[in-house]
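A.B. asks: Return a 3D structure for these sequence lines:
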Amino acid sequence: MSKKIAFIGLGHMGGPMAANLVKAGHHVSGFDLAPAALDQARSGGIEVAESAAAAAADADVVITMLPAGRHVLDAYQGGNGLLAVAGTGTLFLECSTIAVEDARAAHEMASAAGHRSLDAPVSGGVGGAENGTLTFMAGGSAEDFAEAEPILAAMGARIVHCGGPGAGQAAKVCNNMILGVSMIAVSEAFVLGEKLGLSNQALFDVASAASGQCWALTTNCPVPGPVPASPANRGYQPGFAGALMAKDLGLAVRAFEAAGVQARLGSLTEQIYRTFAEGEGASQDFSGIINQIRANSQTKETV
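C.D. replies: Alright, predicted model coming up:
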């Protein structure tokens, strides 16, 4: 059934996601602070509102896709905030990647204002957003998930109900910690292979069919050649930018500390990506970490 959907945050991820909702037959009113994002949204059939509040005023569903938790909480609160202007019982879908505690706070704020909500962060990058193949990790009640699932399915290929409020963000932070650690391991292996005189293709052919197989290798391979669709073949254009990986790993570190988890690999990976994102790596795909590993490796004759 067609819904009136307000989509707040029409950037590299939000814009294509909103356009896929239009393709699915929903009426989408959107807003973003960047004029270029609004122009792109119009070309995707999205009605551009004059403000976030105007978009949400008569919506059945409000979706937010914003940079950080503070942006989400700021957008929710206040006399002209999303929670105040939306009709009672509006379903809020928070699709940004934010801290677990911020997601839980957003749930509490929505409930106090008489609304329903899910935290529903995504995995799959810009390509997944464009192709409608994202994975959604949802946290909230089973009833709210049941209503949201058809909407999320218009933007994604896999929709998982992970549990109660904040569970979607918990799943996202755990998943991206695995991804960051595995990309560094894969990148170090390729640099070592190069030093030992092993071709990248040979290493890929072995590891992709052996116990080293993982998404960072077979889908987002950090060297050009073996996986033609990987960002390595287009100058490490993201994809999933290094700055975003650094941000997500920072959320993981916050979660480690709050939960009392000794996560040595996750913490070290966060440090490595934080340094990467302080330079050109911020705007490169996160697989570009291999170039930093090469640059930091000692030059020796190959064996």
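A.B. asks: Is it correct that Ser51 is in contact with Gly30?
C.D. replies: No. With contact defined as Cβ atoms under 8 Å, Ser51 does not count as touching Gly30 (11.1 Å). Heads up, the C-betas are built off the backbone N, CA and C, glycines and all.
A.B. asks: For those two, indicate the residue with more neighbours.
C.D. replies: Higher neighbour count among Ser51 and Gly30: Gly30, with 29 against 12, using other Cβ atoms under 10 Å.
A.B. asks: Next up, identify which helix or strand the closest residue to Gly44 other than its chain neighbours is on.
C.D. replies: Closest residue in space to Gly44, ignoring its immediate chain neighbours: Ala19 at 3.3 Å, by Cβ to Cβ, 6 or more residues apart in numbering. Taking DSSP states H and E as the definition, Ala19 sits inside helix 14-23.
A.B. asks: Show me what counts as buried in that helix.
C.D. replies: For helix 14-23, the buried set under the neighbour-count rule, 16 or more other Cβ atoms under 10 Å, comprises 14-22.
A.B. asks: how much distance is there from the helix or strand that comes right after that helix to the middle of the chain?
C.D. replies: Per DSSP H and E, the first helix or strand lying C-terminal to helix 14-23 is strand 27-31. Averaging C-alpha positions (Cα atoms, centre = their mean, to the nearest Å) puts strand 27-31 21 Å from its chain's average.
A.B. asks: pull the CA atoms of strand 27-31 into CSV?
C.D. replies: Only the C-alpha atoms of strand 27-31 are listed here, as CSV (Å, rounded to 0.1, in the frame of the first residue of the first chain):
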residue,chain,number,x,y,z
HIS,A,27,4.8,9.5,-2.4
VAL,A,28,8.1,10.9,-1.0
SER,A,29,8.7,14.4,0.2
GLY,A,30,12.3,15.0,1.1
PHE,A,31,14.7,17.6,2.5
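A.B. asks: Mind listing what's buried along the top helix by length along the chain?
C.D. replies: Counting residues, the longest helix found in the chain (DSSP state H) is helix 167-195. Within helix 167-195, the residues that qualify as buried by neighbour count (16+ other Cβ under 10 Å) are 167-173, 175-184, 186-187, 189-191, 193-195.
A.B. asks: One more: stretch 231-249?
C.D. replies: Those would be 231-232, 236, 238-249, for stretch 231-249 by 16+ other Cβ under 10 Å.
A.B. asks: which residues are contacting it?
C.D. replies: 68, 97, 125-127, 172-173, 176-177, 179-180, 220-225, 227, 266, 269-270, 273-274, 276-277, 281-291 (Cβ atoms under 8 Å, 6 or more residues apart in numbering).
A.B. asks: Same question for stretch 279-286.
C.D. replies: 180, 183, 220, 231-232, 236-246, 273, 276, 288-289, 292.
A.B. asks: Need the mean per-residue confidence for it.
C.D. replies: Stretch 279-286 shows a mean pLDDT of 96.
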